[in-house]
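Colleague: Test case, fold it:
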Amino acid sequence: MKRFLILALFFLSLKVTGRAQSVQHDSQKEKQWRSMETGPWDFDPGWYYYFLHKDYSGAYTKWKWHGFHSGLRVYFKESKSHVKTIMPDRTAAEEEQRAGEKKAEEERQEIKPLYQEELARAADRSVDLVYIDFKDDYNRMQDDIDDGLVYCMKKSRGRLSYQVTQLQNQNELICNSIGYIHKTGLAYGLENARREKAYIEYRKQMQELVSRVAHLVGMAQSYY
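Modeller: Here you go, the predicted structure:
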């Protein structure tokens, strides 16, 4: 009797399948797509999936008491299927994406102060704000050096040319270094604090050079 019932149900499913092939049932496709996407896990027609796609659908039978309509019913369970809904994978991917976006935002917030600091440094490098504080001292000492060396050459009638040339070369080196520090732009970037430190050092070197020129002037006065 049970075997006869199963065969009858099988032929009934084939009949339903034939209809399904001739008539498009959007509701059946909708159930299939929904099961594969988000759930709930349900397919239609039940006996079709039970006999032909049991592994795929996870179909199984269970007796249901319902008066004169009692009988075997087809149910579906995702755990019995060898495929699963893709929603957990999507959820995991979305969580991973959100985590990545959060990490990127945290990194951006960490980098932002550094970026703003670099912008401030770039603005600081674009204009030399401290040269004006040293310009007058430089000009005064250069006048002293030039006048002193010219005097030595005239007073010695060229006999001190070697000493004068040595002092001129040292002075030119200092002036070129100051000129380089004073330049601004992409290739000459120094913050004003570093410029000031360099200017102080070159002023000290120029003062020492003035003293050496003054010493040479004294020699020229004494011996020539």
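
Colleague: Which helix or strand in this structure has the lowest average pLDDT?
Modeller: The helix or strand of the chain with the poorest confidence is helix 2-22; it has a mean of 47 (mean pLDDT, DSSP states H and E).

Colleague: Tell me, how many residues neighbour Y75?
Modeller: 15 (other CB atoms under 10 Å). Using the backbone N, CA and C atoms, a C-beta is placed for each residue, glycine as well.

Colleague: What segments of this protein are strands?
Modeller: 59-64, 71-76 (DSSP state E).

Colleague: right, so those strands: which one is the most enclosed?
Modeller: strand 71-76 (a mean of 16; mean count of other CB atoms under 10 Å).

Colleague: Tell me the spacing between V130 and Q207.
Modeller: Distance, V130 to Q207, by CB to CB, to the nearest Å: 18 Å.

Colleague: Counting neighbours, go ahead and name the busier of those two.
Modeller: V130 (19 against 12).

Colleague: circling back: switch the strands of the chain over to TSV; also include mean pLDDT.
Modeller: Conversion of the strands of the chain to TSV gives the following (pLDDT from 0 to 100):
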stretch	mean pLDDT
strand 59-64	78
strand 71-76	80
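
Colleague: Which among those is found nearest to Y49?
Modeller: strand 59-64 (4.9 Å; CB to CB).

Colleague: Render the CA-only coordinates of that closest one in PDB, please.
Modeller: Extracted in PDB, the C-alpha atoms of strand 59-64 (Å, rounded to 0.1, in the frame of the first residue of the first chain):
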ATOM      1  CA  ALA A  59      13.200  17.900   1.000                       C
ATOM      2  CA  TYR A  60      11.800  15.300   3.300                       C
ATOM      3  CA  THR A  61       8.300  13.800   4.000                       C
ATOM      4  CA  LYS A  62       6.300  13.800   7.200                       C
ATOM      5  CA  TRP A  63       2.800  12.600   7.900                       C
ATOM      6  CA  LYS A  64       0.400  15.300   8.800                       C
END
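
Colleague: Begin at 35 from now on, thanks
Modeller: With 35 as the first residue, the last one maps to strand 93-98.

Colleague: That one - contacts with which helices or strands?
Modeller: On a contact count with 3 or more CB pairs under 8 Å, 6 or more residues apart in numbering; DSSP states H and E, strand 93-98 meets helix 80-86, strand 105-110.
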